[in-house]
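Asks: Dropping the sequence and predicted coords here.
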Amino acid sequence: MAEIEGFDWDAANVGHIRRLAGRPHVTIPAETIKGEKRWKLFGKTACNRYLAVVFTIRRKLFRTVTAYEMNAAERRKYAPQID
């Protein structure tokens, strides 16, 4: 992964991510869409919510694509590495 120099935020993702805030623990490759690599971060909030954050790196900036509560399959696979 390239050296990250900062974050690329816009109004659409700032509020969404703020509502889900947590610490990432596990990172895996997610997919490549139109030549852009994406990764998933898995983590848990202070309120014990398991989250997945899909992100990419654009111009050396961390860019959140989306974030959501981990589904049951993701929790089974990644929660033991987070807890």
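Replies: Yep, that arrived. Keep in mind it's a predicted model, so treat the numbers as computed, not measured.
Asks: and the spatially most central residue of the chain, what are its bridge partners?
Replies: Nearest residue to the geometric centre of the chain (CA atoms, centre = their mean): Val53, 2.0 Å. Applying DSSP bridges to Val53 gives these bridge partners: Leu41, Ala67.
Asks: Quick check: it touching Lys40?
Replies: Yes - Val53 sits in contact with Lys40 when judged by CB atoms under 8 Å, with a separation of 6.9 Å. In this view, the C-beta of every residue, glycine as well, is placed from N, C-alpha and C.
Asks: before we move on, what SS does Ala73 have?
Replies: helix (DSSP: H, G, I helix; E, B strand; the rest coil).
Asks: What score does it have for pLDDT?
Replies: At Ala73, the predicted lDDT confidence score is 96.
Asks: From Ala72, how far off is Val65?
Replies: Per CB to CB, to the nearest Å, Val65 is found 22 Å from Ala72.
Asks: Tell me which of these two has more neighbours.
Replies: Between Val65 and Ala72, counted using other CB atoms under 10 Å, Val65 has the larger neighbour count: 15 against 7.
Asks: Which secondary structure elements does the host helix or strand of Thr64 sit against?
Replies: Per DSSP states H and E, Thr64 falls inside strand 61-69. When contacts are defined as 3 or more CB pairs under 8 Å, 6 or more residues apart in numbering; DSSP states H and E, strand 61-69 packs onto strand 6-7, helix 11-20, strand 50-58.
Asks: Might you calculate how far the last one sits from the centre of the chain?
Replies: Same thing as strand 50-58. Put simply, strand 50-58 sits 2 Å off its chain's centre (CA atoms, centre = their mean, to the nearest Å).
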